[in-house]
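> Structural data only, the sequence is not supplied:
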């Protein structure tokens, strides 16, 4: 499966009064890493939303294990890959390393979401197109994808 690596510098605003990363900030970092993974597969999010007529990649389940705290000034490396495709959802893995040690491990289930065909005010999961699965399933590692 395609994997993206992204280096991140932990900033002052990422931290709580104890000086460690405030846990919701990890989820923001992981969301950005998901966007970067799709980008390096040739699926920039703005184009992907329009091309496949979807609203987004809704987070429907998340599990995280916080092993080692990260602090202001730390440089961390996040490896992101999709580990399972389902009909209308996928499971994505984020591994955050601090000085080559696993610091946070997160698994997200995200759904491919569009407008509900019978109720335009609601959303509904849609099947993931085979083209998307193929692009994200190819082997490879991309490092330091830069988002515009």
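Nice, I can see it. This structure is a prediction, so every number in the text was calculated from the model and none was measured.
> can you give me the offset of the lengthiest helix in the chain from its chain's centre?
Ranked by number of residues, the top helix in the chain under DSSP state H is helix 23-40. How far helix 23-40 lies from its chain's middle: 4 Å, per Cα atoms, centre = their mean, to the nearest Å.
> Beyond that helix, next helix or strand please.
The C-terminal neighbour of helix 23-40 among helices and strands, as given by DSSP states H and E, is helix 45-51.
> buried residues in that next one?
If you call a residue buried by 16 or more other Cβ atoms under 10 Å, then helix 45-51 has these buried ones: residue 48. Any C-beta I mention is one placed from the backbone N, CA and C, and that applies to glycine too.
> Which other helices and strands does the very next helix or strand once past it contact?
Using DSSP H and E, the next helix or strand after helix 45-51 towards the C-terminus is strand 56-66. For strand 56-66, the packing partners by 3 or more Cβ pairs under 8 Å, 6 or more residues apart in numbering; DSSP states H and E come out as helix 23-40, strand 101-115.
> ok now strand 56-66, how far from the chain's centre?
Distance, centroid of strand 56-66 to centroid of chain: 9 Å (Cα atoms, centre = their mean).
> Show me what whatever helix or strand comes next after that strand is in contact with.
For strand 56-66, the following helix or strand on the C-terminal side (DSSP H and E) is strand 75-85. For strand 75-85, the external contacting residues (Cβ atoms under 8 Å, 6 or more residues apart in numbering) are 1-10, 29-30, 33-34, 36-37, 70, 90-98, 103, 107, 128, 133, 136-137.
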